[in-house]
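Peer 1: whatever this is, show me its structure:
(2 chains)
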2 protein chains.
Amino acid sequence: MKIVYVKESGEKAIEQLLTKASFDAVELNPTIREANRKLFGADLTAAEIVDRIVGEVRRDGDAAVMKYTRLIDHADFQPEEFLVSDAEYEEARREADPAVLDSLRRAIENVRRYHEEQKPNSWMTYREQGSILGQSVIPLDRVGIYVPGGTAAYPSSVVMNAVPAMVAGVRELIMMVPPRNGKINPYVLIAAQEIGVSKIYKIGGAQAIAAMAFGTETIPRVDKITGPGNIFVTLAKKAVYGHCDIDMLAGPSEILIVADASADPAYAAADMLSQAEHDMLASSILITDSAALAEQAAVEVEKQLSVLPRQEIARASLDRNGLIVVAEDLMQAIRLANISAPEHMELLTEQPFQLLPYVHNAGAVFLGAYSPEPLGDYFAGPDHILPTGGTARYYSCLNVETFMKRTSIISYTQPALQNVQQDIIRLAETEGLQAHANAIRLRGLK
Amino acid sequence: MKIVYVKESGEKAIEQLLTKASFDAVELNPTIREANRKLFGADLTAAEIVDRIVGEVRRDGDAAVMKYTRLIDHADFQPEEFLVSDAEYEEARREADPAVLDSLRRAIENVRRYHEEQKPNSWMTYREQGSILGQSVIPLDRVGIYVPGGTAAYPSSVVMNAVPAMVAGVRELIMMVPPRNGKINPYVLIAAQEIGVSKIYKIGGAQAIAAMAFGTETIPRVDKITGPGNIFVTLAKKAVYGHCDIDMLAGPSEILIVADASADPAYAAADMLSQAEHDMLASSILITDSAALAEQAAVEVEKQLSVLPRQEIARASLDRNGLIVVAEDLMQAIRLANISAPEHMELLTEQPFQLLPYVHNAGAVFLGAYSPEPLGDYFAGPDHILPTGGTARYYSCLNVETFMKRTSIISYTQPALQNVQQDIIRLAETEGLQAHANAIRLRGLK
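Peer 2: Numbers count the residues shown, from 1 in each chain, chains lettered A, B, ... in the order given. Okay, here's the model as predicted:
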């Protein structure tokens, strides 16, 4: 683990180390690139591949979805086979371990309870002479969620995607999952069914995103698409943005731990590894004001790494994007953490709530020694679908409002309008809009 | 005015009439296209022009901003002249009519009061054994607002853009306005200054959007860009989306009035014209269950149109996108209105609040005879920056939350974590993530 000292390198240099490349600057790894060259007969960038797939699905519908599902996921489906059938659900039920299902159900219950507590109501406020202003807060009509399923299956992503949508009151929730050997993980299927997803399609990648954004003969058009995915899914979400809404453009997973001398180096190391094992591109950073902790954590990482089943991935990730920073004090640590704007920020300090108001940019904040990141990934209640790659500067965690929209309400009475008509007419005429002024003037007292 | 009857045409046909083309299907008018052909030396689409400008600004910064400001807005600025100077503010103060400023200030006050009432707090909720869950609701750090200024100047757009951002608590608010003869409208300048915009740049179009998204030598990078604009601004916002956040992709203005026999046809006509005068591409639709009202409103439109200063624009707009629909009943009218998903929906009915719960897709709803759309454009308090082109299916009106983001908070105690550790370990292992399980196991009671 690389350890850098702000005192030696200077704050500017550390800031640069912590600044992330933008989502469209990601290089494909050589294996994927070679596979795509065979598939497409040309050395295309990820963006070019996505533009091609999205364009074809928009134009050709199911035919293009079939084509790319066969090419990329090696599943030779007819359109009527996209949809998961009753038989497939039954098979999933037979395969699933009841203990895992019980744990999943308890997670669903926690996530539901937390999200129900944040559900906003429509509201009104009263003004002079009987006027009413307000806001309707309305669930989206149809939402499509994406659940990745390439190298591993993530039933927890179903929970974190689908529960907030159902709590919001979305009328119809559909789901896309890339098939593996033509099938979908049983826990993914069962979780989705129990939460209330009405249709699950065995379709993945850019073709799944495009199908939901534009609709096909068999797949309905949605109002919004949520959920994480690989670079092809992300670029497809960017391409369809505006034809429907999307939650965010997300990239590889990240953790940044702010710790003081009170932190247990074994905890810090374990939490860094829990990100690093996800993905070679994942990022795990520790910033501390304690040089001793920095050194002990680096030793602990090596120790714990050596017994991990996914140690190859974790080591590659730490080599690329692992970093321990020794800051001059905790406030500097937090300032640097805000520049990194990590998906997950842990405050492993003696008094974490004192630092909380200074956290400006993070997807989720984990306070204290007993709030490790996997607690949030699976179980506590808050969502694990979070902004990454520095986009916590402007994106929210997935939440109930992700699945709702706001509409203004204006109801004036005649005397109330009468009172303000001169102002409105003056402003409309200043902007040269006479018909606007007329609409007000007409309603004056006769 | 074209009048169509659902009974004759069938609901499906009317639904198609009400469905809008997507934002990227807009054709440039021949004059603009010819002008661009001269400018760029090739017959480029709007998207191609925008890609070129955004790419150059991202790469060359100020130099590209200078180039396109000279080419498109005919203003030969050096980078230090982008920013509005103290002398320019003083000149604006000398030019402005104090009565208009007073009206503007009253509008600002109403908009501020309404938005203050909706400002969300960060919150916490308590769980078993001393655990805390919650959400930080955090203002964005730096926001860029865009105010159009091509064919007309809109000080009201400054108010509607800047006030919610200031109420949210945005630390730094910058603004871009295209110059006209090298200058900016005095009311636009004064409104922005009084609300608290810290820097105003005389830059417009795709170059303004790209400069805010990526930053240049003189223009700071922002976290989010809000505000309406023409097709070039809209496509530029789409192009930079993900490098920063944006509010929405907006198009030409729209009104849809749902009216019953109790409505005054003169009011309905005046309100349709108040949209039609904006823009040839604006859309004005009346849906009513009363054939008599339909006919009277059509007559009134002709009558009022003949005396409008902007009648040429309004007539062209009504010819293209004006429509009166006679529905079989009010519930059908509302269903059709939801399919149109208009920017502004007026309920000119006897009991408008009875219809409100059925309004699913609209930017803003105006209830009753004395709530004409210009009241909301200028004065009542709710925002006039609203989704258009059918995107009210998924976009919100601009609001305080547009300028804030949500971050999850998780704080568990050791006994609380102990209670759930078996579930988390089981779920992590089901997903094959052993390091996740380790981070939990380590924290178990020793």
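Peer 1: number of nearby residues for the closest residue to A:V158 other than its chain neighbours?
Peer 2: Leaving out its chain neighbours, the residue that sits closest to A:V158 by Cβ to Cβ, 6 or more residues apart in numbering or on different chains is A:A191, at 4.3 Å. C-beta coordinates here come from the backbone N, C-alpha and C atoms, glycine included. Neighbour count of A:A191, defined by other Cβ atoms under 10 Å in any protein chain shown: 28.
Peer 1: from the middle of its chain, how far away would stretch A:103-112 be?
Peer 2: 19 Å (Cα atoms, centre = their mean, to the nearest Å).
Peer 1: is there proximity between that stretch and chain B?
Peer 2: Yes. In terms of Cβ under 8 Å from any Cβ of the partner chain, part of stretch A:103-112 sits within range of chain B, namely A:S103, A:L104, A:R106, A:A107.
Peer 1: assess the claim that the last one and A:A380 are in contact.
Peer 2: Think A:A107. No. Assessed by Cβ atoms under 8 Å, A:A107 is found out of contact with A:A380, at 9.0 Å.
Peer 1: ok, the two, which is more surrounded?
Peer 2: Between A:A107 and A:A380, A:A380 has the larger neighbour count (other Cβ under 10 Å), namely 28 against 25.
Peer 1: the stretch 1-150 of chain A: strands as residue ranges?
Peer 2: Using DSSP state E, counting those that start in this stretch, the strands found in the stretch 1-150 of chain A span residues A:3-5, A:123-126, A:132-139, A:142-146.
Peer 1: what residues does stretch A:426-442 touch?
Peer 2: For stretch A:426-442, the surrounding residues in contact (Cβ atoms under 8 Å, 6 or more residues apart in numbering or on different chains) are A:417, A:421, A:424-425, B:97, B:99-100, B:103-104, B:107, B:152-156, B:187, B:266-267, B:270-271, B:273-274, B:276-278, B:304, B:308-310, B:314, B:372-375, B:377-379.
Peer 1: sorry, wrong one. I was asking about stretch A:73-82.
Peer 2: Stretch A:73-82 is contacted by residues A:62, A:65-66, A:69-70, A:178-182, A:201-205, A:216-219 when judged by Cβ under 8 Å, 6+ apart.
Peer 1: hang on, the earlier thing: any idea how far A:S103 is from the residue nearest to A:V158?
Peer 2: 11 Å (Cβ to Cβ, to the nearest Å).
Peer 1: can you check A:K237 too?
Peer 2: Going from A:K237 to A:S103 by Cβ to Cβ gives 30 Å.
Peer 1: so the two - more neighbours on which side?
Peer 2: Taking other Cβ under 10 Å, A:K237 and A:S103 do not tie; A:K237 has more neighbours (30 against 24).
Peer 1: pull out the buried residues from stretch A:85-102.
Peer 2: A:E88, A:A92, A:A96, A:V100, A:L101 (16 or more other Cβ atoms under 10 Å in any protein chain shown).
Peer 1: with just CA atoms, put it into CSV.
Peer 2: Taking C-alpha atoms only, stretch A:85-102 is exported to CSV below (Å, rounded to 0.1, in the frame of the first residue of the first chain):
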residue,chain,number,x,y,z
SER,A,85,-41.6,-17.3,-17.2
ASP,A,86,-43.6,-18.9,-14.3
ALA,A,87,-41.6,-22.1,-14.8
GLU,A,88,-38.3,-20.1,-14.2
TYR,A,89,-39.7,-18.6,-11.0
GLU,A,90,-40.6,-22.0,-9.8
GLU,A,91,-37.2,-23.4,-10.6
ALA,A,92,-35.6,-20.5,-8.7
ARG,A,93,-37.8,-21.3,-5.6
ARG,A,94,-36.6,-24.9,-5.7
GLU,A,95,-32.9,-23.9,-6.0
ALA,A,96,-32.9,-21.2,-3.3
ASP,A,97,-31.6,-21.7,0.3
PRO,A,98,-34.4,-20.7,2.7
ALA,A,99,-31.9,-19.2,5.2
VAL,A,100,-30.6,-16.8,2.5
LEU,A,101,-34.1,-16.0,1.6
ASP,A,102,-34.9,-15.2,5.2
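Peer 1: and the contacts of it?
Peer 2: Residues outside stretch A:85-102 that contact it (Cβ under 8 Å, 6+ apart): A:K183, A:I184, A:P186, A:Y187, A:L189, A:I190, A:Q193, B:R426, B:L427, B:T430.
Peer 1: now do the same contact list for the fourth one.
Peer 2: This means A:Y187. For A:Y187, the contact set (Cβ under 8 Å, 6+ apart) comprises A:A92, A:A96, A:V100, A:L101, A:L104, A:A153, A:P155, B:T430.
Peer 1: and chain A, what are its domains?
Peer 2: Per the record, chain A has its domains at A:3-22+A:251-393, A:79-246, A:412-441, by automatic domain parsing.
Peer 1: tell me which of those lies nearest to B:N338.
Peer 2: Closest approach to B:N338 among these is made by domain A:79-246 (8.9 Å; Cβ to Cβ).
Peer 1: can you give me the end-to-end distance of the closest one?
Peer 2: Terminal residues of domain A:79-246 lie 25 Å apart, using Cα to Cα, to the nearest Å.
Peer 1: need the mean per-residue confidence for it.
Peer 2: For domain A:79-246, mean pLDDT is 96.
Peer 1: all helices for the stretch 51-200 of chain A, in order.
Peer 2: A:62-73, A:86-95, A:98-116, A:155-168, A:186-195 (DSSP state H, counting those that start in this stretch).
Peer 1: and the closest residue to A:R58 other than its chain neighbours, what is it in contact with?
Peer 2: Beyond its immediate neighbours in the sequence, the residue positioned closest to A:R58 (Cβ to Cβ, 6+ apart) is A:F214, lying 4.7 Å away. The contact partners of A:F214, by Cβ under 8 Å, 6+ apart, come to A:V57, A:R58, A:G61, A:R221, A:V240, A:H243.
Peer 1: what about the residue nearest to A:V111 when sequence neighbours are not counted, distance to B:A165?
Peer 2: Of all residues not flanking A:V111 in the chain, A:V163 sits nearest, at 4.5 Å (Cβ to Cβ, 6+ apart). Distance of A:V163 to B:A165, given as Cβ to Cβ: 32 Å.
Peer 1: repeat that for A:Q16.
Peer 2: From A:Q16 over to B:A165 (counting by Cβ to Cβ), the distance is 29 Å.
Peer 1: show me which of those two is the more surrounded one.
Peer 2: Legend: neighbour count by other Cβ under 10 Å for A:Q16 and B:A165, higher for B:A165 (27 against 11).
Peer 1: ok, back up a step: gap between the residue nearest to A:R58 and A:V240?
Peer 2: From A:F214 to A:V240 the distance is 7 Å (Cβ to Cβ).
Peer 1: what about A:I424, helix or strand, and which?
Peer 2: When elements are defined using DSSP states H and E, A:I424 is found to belong to helix A:414-430.
Peer 1: what angle separates that helix from helix B:186-195?
Peer 2: 120 degrees (axes from the mean of the first three to the mean of the last three Cα atoms, to 10 degrees).
Peer 1: angle of helix A:414-430 against helix B:155-168?
Peer 2: Using the same axes, to 10 degrees: helix A:414-430 against helix B:155-168 is 120 degrees.
Peer 1: residue contacts, whatever residue of the stretch 51-200 of chain A ends up closest to chain B?
Peer 2: Across the stretch 51-200 of chain A, the shortest distance to chain B (Cβ to the nearest Cβ) belongs to A:S103, at 4.1 Å. By Cβ under 8 Å, 6+ apart, the residues touching A:S103 are B:Q422, B:D423, B:I424, B:R426, B:L427.
Peer 1: can I get the residues you listed in JSON lines with neighbour count, pLDDT and distance to B:H384?
Peer 2: Listed next are these as JSON lines, based on neighbours: other Cβ atoms under 10 Å in any protein chain shown; pLDDT from 0 to 100; distance: Cβ to Cβ, whole Å:
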{"residue": "B:Q422", "neighbour count": "13", "pLDDT": "96", "distance to B:H384": "54"}
{"residue": "B:D423", "neighbour count": "21", "pLDDT": "96", "distance to B:H384": "49"}
{"residue": "B:I424", "neighbour count": "26", "pLDDT": "96", "distance to B:H384": "48"}
{"residue": "B:R426", "neighbour count": "17", "pLDDT": "96", "distance to B:H384": "52"}
{"residue": "B:L427", "neighbour count": "26", "pLDDT": "95", "distance to B:H384": "47"}
